[in-house]
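model this:
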Amino acid sequence: MPSYLAKRLGYHAVLLLAAVCLSYFLASLALDPRAAYEGRQPPLSASAVDHHLTELGVNDHEPLRDRFLHWGGRALHGDLGQTIDGTSVNAEFGRRLGVSLRLLLAGTVLGTAAGVLAGAWTAARQYRLSDRALTVVSFALLSTPVFLLAILLKTGAIWVNQTTGTDLRFTGEKTPGLTGGFWAVLGDRAGHLLLPTLSVALFAAASYSRYQRSAMLDVLGSDFLRTARAKGLSRRTALLRHGLRTALVPMSTYFSYGFLALFTGATFTETIFGWHGMGEWFVASIGKNDVNSVVAVNVFAAVTVLLSGFLADLLHAALDPRVRQAR
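Sure, this is the predicted structure:
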């Protein structure tokens, strides 16, 4: 298994390098940082604009290869450059990293666990009322765009607050100026995290449940499951110990690369709920033609997706003994 994981890690490293290069080239070709200086009063001279763009490393009058090599040399030393406003990309990256990770990790864990359990449970109760009901709910969630789901949750929170007098938090990641100890801060953060997490987790749960149900149905009539029952195991024990474990093997790949869809959903979720994370920064950076910031967010997305892919490889190796025995 170590050799298998080492190969997979090398494969992900190559993919990360390709993703970083492609992100920089596409951002540099698609965005126009020079437009950020148009319409300023007093207007800047062409030489002044060139000077600013050169300092930022995004002057389109310089060859793209030279700009990339200059950026890549700094990035290897941990410097992602400056934003179009002249501030440090590293500082902005660090400030927003924790915000997005809280949302993505909470939404991923909750959505994945709920989706796997729901899919396995409905497969074991195929064509019963509960199976049909969850199927309808899943397809309804899958057919609802993520941004619309976030808006519906926000609207519902406003209605509940006005009707019942409760205080469901639907704007921002924390309450400005909050005073109190650790538990007060933790409770405030959890309250603000609830609705955005549901927005991400509901879509993930609906998607994973459909795939898990299909994978589980493939193993319900398998010979090894009948053998386990013949040895005296109860249906529940056989399904959990043998059926679910086998059905999770093909799901491990989907878990990893489904993370990109969660990141895309989190982009809309952060914007709608007023979270100042990577998704909101990405949208704002595109509007400002901020090449360095767009590349930084793309690097974050590539790292998280490939890291989740490597974790899926670990899960695959843990579930499939053939992988562990590979030399």
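
C-alpha from now on. contacts and neighbour counts both.
Fine.

Please identify the helix or strand for the most centrally placed residue in the chain.
The structure's the chain has its C-alpha centroid closest to residue 263; by CA atoms, centre = their mean the separation is 2.8 Å. Take DSSP states H and E as the rule and residue 263 turns out to sit in helix 259-273.

what helices or strands is that helix leaning on?
helix 89-124, helix 146-164, helix 182-220, helix 278-287, helix 291-319 (3 or more CA pairs under 8 Å, 6 or more residues apart in numbering; DSSP states H and E).

Nearest to residue 231, out of the ones you listed?
Closest to residue 231 of the helices and strands packed on helix 259-273, according to CA to CA: helix 182-220, at 16.2 Å.

So what's the model's average confidence on that closest one?
Throughout helix 182-220, pLDDT has a mean value of 86.

Which neighbouring elements make contact with it?
Checking 3+ CA pairs under 8 Å, 6+ apart, helix 182-220 ends up next to helix 89-124, helix 129-142, helix 146-164, helix 244-257, helix 259-273.

mean pLDDT for those helices: which is lowest?
Among the helices and strands packed on helix 182-220, helix 244-257 scores lowest, with a mean of 75.

and the angle for that one with helix 182-220?
Angle, helix 244-257 to helix 182-220, by axes from the mean of the first three to the mean of the last three CA atoms, to 10 degrees: 120 degrees.

Tally up the residues packed near residue 13, please.
Residue 13 is flanked by 15 other residues according to other CA atoms under 10 Å.

okay, the angle between the helix or strand containing it and helix 278-287?
Assigned by DSSP H and E, residue 13 falls within helix 2-30. Here helix 2-30 points in a direction 30 degrees away from that of helix 278-287 (the same axes, to 10 degrees).

How far away from the center of its chain is helix 2-30?
Between the centre of helix 2-30 and the centre of its chain there are 17 Å (CA atoms, centre = their mean, to the nearest Å).

cool, stretch 186-205 as well?
The answer for stretch 186-205 is 14 Å, by CA atoms, centre = their mean.

Same check on stretch 254-264?
Taking CA atoms, centre = their mean, one finds the center of stretch 254-264 at 6 Å from the center of the full chain.

Now do it: distance from first to last residue.
16 Å (CA to CA, to the nearest Å).

So what touches that stretch?
The contact list for stretch 254-264 (CA atoms under 8 Å, 6 or more residues apart in numbering) reads 104, 108, 112, 200, 204, 208, 279, 301, 305-306, 308-312.

try 6 Å
By CA atoms under 6 Å, 6 or more residues apart in numbering, the residues outside stretch 254-264 that reach it are 305, 308-309, 312.

Then stretch 16-34?
By CA under 6 Å, 6+ apart, the surrounding residues in contact with stretch 16-34 are 289, 291, 295, 299.

Neighbour-wise, give me the winner out of these.
residue 291 leads those on contacts (other CA under 10 Å) with 28 neighbours.

if I pick that residue, what's in contact with it?
Going by CA under 6 Å, 6+ apart, residue 291 touches residue 27.

Distance of it relative to residue 236?
According to CA to CA, residue 291 and residue 236 sit 54 Å apart.

now swap in residue 228 and tell me
With CA to CA as the criterion, residue 228 and residue 236 are 11 Å apart.

More neighbours: these two, which one.
Comparing residue 228 with residue 236 by neighbour count (other CA under 10 Å), the higher total belongs to residue 228, at 18 against 12.

Skipping adjacent residues, who's closest to that one in space?
Nearest residue to residue 228, sequence neighbours excluded (CA to CA, 6 or more residues apart in numbering): residue 238, at 6.1 Å.
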